[in-house]
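**Q** Next comes the sequence, and after it the predicted model I'd like to discuss.
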Amino acid sequence: MESFGSRLHRAVDERGPLCVGIDPHPGLLARWGLADDLQGLDRFTQTVVEALGDRVAVVKPQSAFFERFGSHGVAILESTIRQLRDAGSLVLLDVKRGDIGSTVSAYASAYLDPSSPLYVDAVTASPYLGVGSLAPMFELAAQHGGGVFVLALTSNPEGAAVQRARTADGRTVAQTVIDEISQLNRGATPLGSFGLVVGATIGDTGHDLSGVGGPLLAPGLGAQGAGAADLRAVFGSSLGSVLPSYSREVLSAGPDVAALRAAADRVLADCRAVLPAR
Ligand SMILES: O=c1ccn([C@@H]2O[C@H](COP(=O)(O)O)[C@@H](O)[C@H]2O)c(=O)[nH]1
């Protein structure tokens, strides 16, 4: 079976280095002339699937915006995931799950087992119960060609106090996460299946990302203030592994399908101008 890292590498070759998030904020629904209800949610996501499903390498639905509508919202998420995968996008579900290992097994089944209704290509995970507690996700992902993106240096200003705190051996908490994920990817070609989340907003923090061997998801672009040029300072010599991620910056161009496509093309061109050609 083809690994997630290999599928992602190919998708980026074919469609370019871009992840677009589906974040149906109440304010965006209003801006699109939609009600903040299930019908509005459904119309919003259908439009994004139509506009971007067949052209963007990775689409990242933000689970929270579907969960807030309860089981019917989750049903729309399930159907959105299926449609995106049918259209050829890789689906990265942003759920940031993490727990004790026995519970992580259940999360792994929910998102990384092909028989689950919420089955996706990859998920985001939180390492704050210990990277080792995420092992059931890593194992199921490896078994079924899935991926896991673990939070390392997040784009929000509050993250630094925890992530840049020093551990007993002098490394930061984030560096221990980076090092453990690097181990998991060892020997994987052309790209490992275990990624990290590193915000585009954080500047040069001095962390060593050079040995990760997997994708580096970079949220924080656009609405949170970072631009493609900021990727240079954050990622330095690891720029070639970066997967830039935009949500509101692209979504605010809707509901016109052509305008959404143009916005995605524009941010992709901005990123291509900064990222090394492959
Ligand atoms: O460090 C992180 C991790 C995840 N996110 C998520 O990405 C999007 C960003 O949306 P924008 O509209 O592009 O700001 C959102 O779903 C966050 O939950 C992040 O921003 N930073």
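**A** Received the coordinates, thanks. Because the structure is a prediction, the values reported are computed rather than measured.
**Q** Alongside the ligand, which residues does the stretch 51-200 of the chain contribute?
**A** 62, 94, 154-155, 197, 199 (Cβ under 6 Å from any ligand atom). Where C-beta positions appear, they are placed from N, C-alpha and C, glycine not excepted.
**Q** Look at the residue in the stretch 51-200 of the chain that the ligand sits nearest to and report its pLDDT.
**A** Per Cβ to the nearest ligand atom, Thr154 is where the stretch 51-200 of the chain lies closest to the ligand, at 3.1 Å. Listed pLDDT for Thr154 reads 98.
**Q** What of Gly130?
**A** Here, the pLDDT recorded for Gly130 equals 97.
**Q** next one: the one 4 residues further on
**A** On the pLDDT scale, Leu134 is placed at 98.
**Q** Quick check: bridge partners of the nearest residue to it once chain neighbours are set aside?
**A** The shortest distance from Leu134 to any non-neighbouring residue, by Cβ to Cβ, 6 or more residues apart in numbering, is to Ala125 (5.3 Å). Beta-bridge pairing of Ala125 under DSSP bridges involves Arg97, Val150.
**Q** what sits against Ala125?
**A** Listed by Cβ atoms under 8 Å, 6 or more residues apart in numbering, the contact set of Ala125 reads 96-98, 134, 137, 148-151.
**Q** measure it to Val177 for me?
**A** Separation of Ala125 from Val177 (Cβ to Cβ, to the nearest Å) stands at 10 Å.
**Q** Report the set of residues contacting both of those two.
**A** Listed contacts common to Ala125 and Val177 are 150-151; contacts here mean Cβ under 8 Å, 6+ apart.
**Q** one step back: tell me how far the residue nearest to Leu134 lies from Leu239.
**A** 24 Å.
**Q** buried set for the longest helix seen in the chain?
**A** If you go by DSSP state H, the chain has its longest helix at helix 70-87. By neighbour count on 16 or more other Cβ atoms under 10 Å, the buried set for helix 70-87 is 73, 76-77, 80-81, 83-85, 87.
**Q** same deal with stretch 175-186?
**A** Under 16+ other Cβ under 10 Å, the buried positions of stretch 175-186 are 175-178, 180-182, 184-185.
**Q** returning to that earlier point: adding neighbour count and secondary structure as columns, could you present the residues of the stretch 51-200 of the chain next to the ligand in a markdown table?
**A** Below are those laid out as a markdown table (neighbours: other Cβ atoms under 10 Å; DSSP: H, G, I helix; E, B strand; the rest coil):
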| residue | neighbour count | secondary structure |
| --- | --- | --- |
| Gln62 | 19 | strand |
| Asp94 | 24 | strand |
| Thr154 | 21 | coil |
| Ser155 | 20 | coil |
| Val197 | 26 | strand |
| Gly199 | 27 | coil |
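**Q** Now do the same contact list for Pro264.
**A** Small correction: residue 264 is Ala, not Pro. 18, 20, 51-52, 55-56, 250.
**Q** Greatest separation within those residues: which pair is it?
**A** Using Cβ to Cβ, the pair of these lying farthest apart is Leu18 and Ala51, separated by 13.2 Å.
**Q** how many neighbours does the nearest residue to Thr205 once chain neighbours are set aside have?
**A** Computed as Cβ to Cβ, 6+ apart, the closest residue to Thr205 that is not its neighbour in sequence is Leu153, at 6.2 Å. Residues near Leu153, counting by other Cβ atoms under 10 Å, number 25.
**Q** so what's Leu153 up against?
**A** Leu153 sits next to 159-160, 163-164, 174, 196-199, 202, 205, 207 when contact means Cβ under 8 Å, 6+ apart.
**Q** quick one: which two of these are the most distant?
**A** Ala160 and Leu196 (15.6 Å).
**Q** So between these two, which is more surrounded?
**A** Taking neighbours as other Cβ under 10 Å, Ala160 and Leu196 compare with Leu196 leading, 27 against 16.
**Q** Nearest spatial neighbour of the more buried one, chain-adjacent residues omitted?
**A** Ala152 (4.3 Å).
**Q** One more: Pro219?
**A** Ser245 (4.5 Å).
**Q** who does the strand or helix carrying the one you found pair up with?
**A** Here Ser245 sits within strand 242-246, counting by DSSP states H and E. Using DSSP bridges, the strands paired with strand 242-246 are strand 19-22 (parallel), strand 216-218 (parallel).
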